[in-house]
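[1] Generate coordinates for the sequence data below:
(one chain, ligands or ions: 2)
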Amino acid sequence: MTHEYLDLQTVPHVQGVVRLPGSKSISNRILLLAALSQGQVAIVDLLASDDTAVMLAALRSLGVQWTEEKTATGTIHHVTGVAGVLPNKSADLFMGNAGTAIRPLTAALAVIGGDYTLHGVPRMHERPIGDLVDALNAAGTNVVYTGNPGFPPLHIKQGKITTERLSVRGDVSSQFLTALLMVAPLMAKEHAITIDVVGELISKPYIEITLNLIRRFGVKVEQNGWASFTIQPGQVYQSPGTIHVEGDASSASYFLAAGAIAGGPVRVEGVGKDSIQGDVRFAAALEQMGVQITMGDNWIEARANGPLKAIDADFNHIPDAAMTIAIAALYADGTSTLRNIASWRVKETDRIAAMATELRKVGATVEEGPDYIKVTPPAALTPATIDTYDDHRMAMCFSLASLDGALRKGAAVRINDPKCVNKTFPDYFTAFAKIAQ
Ligand SMILES: O=C(O)C1=C[C@@H](OP(=O)(O)O)[C@@H](O)[C@H](O)C1
Ligand SMILES: C=C(OP(=O)(O)O)C(=O)O
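    Ligands and ions are numbered 1, 2, ... in the order given. Predicted coordinates for the structure are as follows:
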């Protein structure tokens, strides 16, 4: 934890256009699929941040070759696929706090086999991975906990897939199912592989991203609702040639909320109607709060339309962008309730607890439950020093508390450890300052 901070003065109005950084979820999936595939893949507009840096470094340690080309319009990463055979049979991999890196890589290395260790920042060692390891080991892999059972760090040894059916719990994180789906073609060499989902599957739109990208790498998945997925044998990931990374829809939420709170219009470029990310549905939640939203194929714009209306809704489908709704709730005309968000408790920090603590600092009345948060705005926001818990989304969310809304003015906020935004959006505060002028 550093002692750096950033002071934000109150902002009477926001307006402008923001070009979004690449999607974290799409970037890390494409990197692994490219590495596992046959042929060269050119990835355009990959996100440059801590979460993709740990994935790129891990691939290099595993012997996967990639280069970065800077062009006039952006960057292109060229990855040489290894067709499922990793050059380096042993490696020690640092995964930071990137769920989208450690979970799929654990599955890939467990299925391929070798001698690998995976570890991360202290919080990573508190984030569950047991449901994934259980599914893999029951199928014949050899993954061992070297710290606490159920959590990284992990030691992956040689194993062998001995079954045609795997079961995975879907109610703690969808990333476990994503991980199994991504490596299913490696398991389905001689026979089909079926993955059964046990328990309610959360964060479903992220599975849609996974399926969409697997398809773009030439593999077919047969889907039986959300209950099971089958991969026929003999399918190998094929390079799509060039693949483009959309802007990050979760990162878009901060700017759209800013436009919704403090006038706008604010337009984000890089995601729109054509997006494969579930978090574009954040715009629909803002619409429910009375915000005027317009959308093109590749952009979304938000404009305030009078005071924000309080909202009471299920946010299981957009857990990351939902944090931004909790901040927008500070400016609403009554109490807002965000339901079905239990996964917040096992992310970068316990986000329900962190959000409740910091919202209270700016004056809100907050009730938290195991899987919900209820926010009643104060008469006026109070200036506060905001702790960010090494959670990029806490830092980005609370920058919005400096905005003046239609019903109440914002407060000067000091954001502690602002660099935690490096996880997914290193330039966040520069982009925020531009619309705040
Ligand atoms: O698969 C993904 O890219 C993600 C899935 C979600 O996690 P859960 O499935 O754990 O909710 C989300 O919160 C995370 O930021 C990214
Ligand atoms: C939950 C998040 O990250 P991760 O990919 O590490 O799960 C997030 O970015 O909000």
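[2] From here on, just use CA atoms for contacts and neighbour counts.
    Fine.
[3] Kindly report the residues of the stretch 101-250 of the chain close to ligand 1.
    173-175, 203, 206 (CA under 6 Å from any ligand atom).
[4] Report the two of the residues you listed separated the most.
    Taking CA to CA, the two most distant members of these are S173 and Y206; they sit 10.1 Å apart.
[5] Would you mark the buried spots in the helix or strand containing V143?
    V143 belongs to strand 142-145 when assigned by DSSP states H and E. Buried residues in strand 142-145, counted by 16 or more other CA atoms under 10 Å: 142-145.
[6] Report all helices and strands that that strand contacts.
    Counting contacts by 3 or more CA pairs under 8 Å, 6 or more residues apart in numbering; DSSP states H and E, strand 142-145 is packed against helix 130-138, strand 154-157.
[7] Only C-alpha atoms, please: export it in PDB.
    Taking Å, rounded to 0.1, in the frame of the first residue of the first chain, the C-alpha atoms of strand 142-145 are listed here in PDB:
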ATOM      1  CA  ASN A 142      -3.000 -33.000 -10.500                       C
ATOM      2  CA  VAL A 143      -3.400 -29.500  -9.000                       C
ATOM      3  CA  VAL A 144      -2.100 -29.100  -5.400                       C
ATOM      4  CA  TYR A 145      -2.700 -26.200  -3.000                       C
END
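[8] now what about that strand, what contacts it?
    110, 133, 136-137, 151-160 (CA atoms under 8 Å, 6 or more residues apart in numbering).
[9] Same question for stretch 252-259.
    14-15, 18, 20, 264-268, 282-283, 286, 300-304, 321, 324-325, 328, 396-397, 400, 403, 432.
[10] Please indicate which of the residues you listed are buried?
    For the contacts of stretch 252-259, buried by 16+ other CA under 10 Å: 14-15, 18, 20, 264-268, 282-283, 286, 300-304, 321, 324-325, 328, 396-397, 400, 403, 432.
[11] Show me those that map onto strands.
    Per DSSP state E, strands hold the following members of these: 14-15, 18, 264-268, 300-303.
[12] measure the closest residue to N88 other than its chain neighbours to I207 for me?
    Closest residue to N88 apart from its sequence neighbours, by CA to CA, 6 or more residues apart in numbering: L62 at 4.9 Å. For L62, the distance to I207 equals 26 Å [CA to CA, to the nearest Å].
[13] go on, A57?
    25 Å.
[14] buried sites along stretch 278-293?
    278-283, 285-293.
[15] which two from those residues end up farthest apart in space?
    G278 and G290 (20.5 Å).
[16] follow-up on the earlier one: between the ones in strands among the buried ones among the contacts of stretch 252-259, which is nearest ligand 2?
    V268 (18.7 Å; CA to the nearest ligand atom).
[17] That closest one pairs with what?
    With DSSP bridges applied, V268 shows beta-bridge pairing to V18, I300.
[18] Thought G296 was touching it, still the case?
    No: look at V268 against G296 with CA atoms under 8 Å: they stay out of range, at 10.4 Å.
[19] Which helix or which strand is home to A58?
    A58 belongs to helix 50-61, assigned by DSSP H and E.
[20] Give me the contact list for that helix.
    24, 27-28, 31, 35, 65-66, 88, 91-98, 100-101, 422-424.
[21] quick one: is it near ligand 1?
    No: Helix 50-61 is not in contact with ligand 1 by CA under 6 Å from any ligand atom; minimum separation 10.5 Å.
[22] follow-up on the earlier one: same list, the residues of the stretch 101-250 of the chain next to ligand 1, but as JSON lines with pLDDT please.
    Below are these laid out as JSON lines (pLDDT from 0 to 100):
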{"residue": "S173", "pLDDT": "98"}
{"residue": "S174", "pLDDT": "98"}
{"residue": "Q175", "pLDDT": "98"}
{"residue": "S203", "pLDDT": "98"}
{"residue": "Y206", "pLDDT": "98"}
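[23] Mind jotting down where the strands sit in the stretch 201-350 of the chain?
    222-224, 228-231, 242-244, 263-269, 292-295, 299-303, 312-314, 336-339 (DSSP state E, counting those that start in this stretch).
[24] quick one: which of these is nearest ligand 2?
    strand 336-339 (16.1 Å).
[25] neighbouring contacts of that closest one?
    Against strand 336-339 from outside (CA under 8 Å, 6+ apart): 310-316, 322, 326, 329, 371-376.
[26] Which strand or helix spans the residue nearest to A379 when sequence neighbours are not counted?
    Using CA to CA, 6+ apart and skipping the chain neighbours, the partner closest in space to A379 is R408 (7.3 Å). Under the criterion DSSP H and E, no helix or strand holds R408.
[27] Next one: R408, what pLDDT does it get?
    Looking at R408, its pLDDT stands at 97.
[28] Test my guess that it contacts Y331.
    Yes: if you go by CA under 8 Å, R408 and Y331 touch, sitting 6.5 Å apart.
[29] domain parsing for the protein?
    5-21+246-435, 24-238 (the TED database).
[30] chain center to the last one, what's the gap?
    Relative to the centre of its chain, domain 24-238 is centred 15 Å away, using CA atoms, centre = their mean, to the nearest Å.
[31] Over to the shortest one?
    On the basis of CA atoms, centre = their mean, the separation between the geometric centre of domain 5-21+246-435 and that of its chain is 15 Å.
[32] and that domain, does that touch ligand 2?
    Yes: judged by CA under 6 Å from any ligand atom, domain 5-21+246-435 and ligand 2 are in contact via 320, 347.
[33] how much space between L181 and ligand 2?
    17 Å (CA to the nearest ligand atom, to the nearest Å).
[34] Would you mind giving me the confidence score for that residue?
    So L181 comes in at 98 (pLDDT).
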